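Colleague: Need a 3D model of the following:
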Amino acid sequence: QSADPWTSRARPSFLYLFYLITFFLVIVAPLIGIFFPLQMDQFFKNVTAGFASIPEPMWWTFTTGYLGYTAARQIGKAKGTDR
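Modeller: Numbers count the residues shown, from 1 in each chain. All right, here's what the predicted structure looks like:
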């Protein structure tokens with residue numbers, strides 16, 4: 001509902017980016033791994049190291065924010081204040 005187009009697109013763009021990353025890591029990468037197993041082994045080692053480098057408090061902050069946002073949206077929709 002914001003007049004600023006960047007504000008209106010930021011939240012969906014952020015979520016779509018995470019959906020795309022998840023889709024790639026869960027569906028696409030294993031399919032590519034069928035044809036290039038050695039390269040994909042290195043790829044998954046790099047991805048694992050990348051995720052491991054993120055401190056645990058940041059994961060908790062993201063998870064809490066994401067779940068809090070979805071709960072607040074659901075409550076707002078149930079009350080009829082969010083459309």
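Colleague: Residue 79 versus the residue nearest the centre of the chain, what's the distance?
Modeller: By C-alpha atoms, centre = their mean, the chain has its centre lying nearest to residue 18, at 2.6 Å. Residue 18 sits 27 Å away from residue 79, going by C-beta to C-beta, to the nearest Å. C-beta: built from backbone N, CA, C; applies to glycine.
Colleague: what pLDDT, on average, does stretch 36-49 get?
Modeller: Mean pLDDT, stretch 36-49: 90.
Colleague: what about the chain, any weak spots by pLDDT?
Modeller: For the chain, residues meeting the criterion pLDDT under 70 lie at 1-2, 7-8, 83.
Colleague: where do the helices sit along it?
Modeller: 5-23, 29-35, 37-52, 56-79 (DSSP state H).
Colleague: Counting by contacts, list what the shortest one packs against.
Modeller: So that's helix 29-35. Under the contact definition 3 or more C-beta pairs under 8 Å, 6 or more residues apart in numbering; DSSP states H and E, helix 29-35 sits against helix 37-52.
Colleague: where's the helix it packs on relative to the chain centroid, distance-wise?
Modeller: 18 Å (C-alpha atoms, centre = their mean, to the nearest Å).
Colleague: now the angle between helix 5-23 and it, please.
Modeller: Angle between the axes of helix 37-52 and helix 5-23 is 130 degrees (criterion: axes from the mean of the first three to the mean of the last three C-alpha atoms, to 10 degrees).
Colleague: Now do the buried residues in helix 37-52.
Modeller: Residues of helix 37-52 classed as buried: residue 40 (neighbour count, 16 or more other C-beta atoms under 10 Å).
Colleague: what's the angle from that helix to helix 56-79?
Modeller: 80 degrees.
Colleague: Right, I'll call it a day here.
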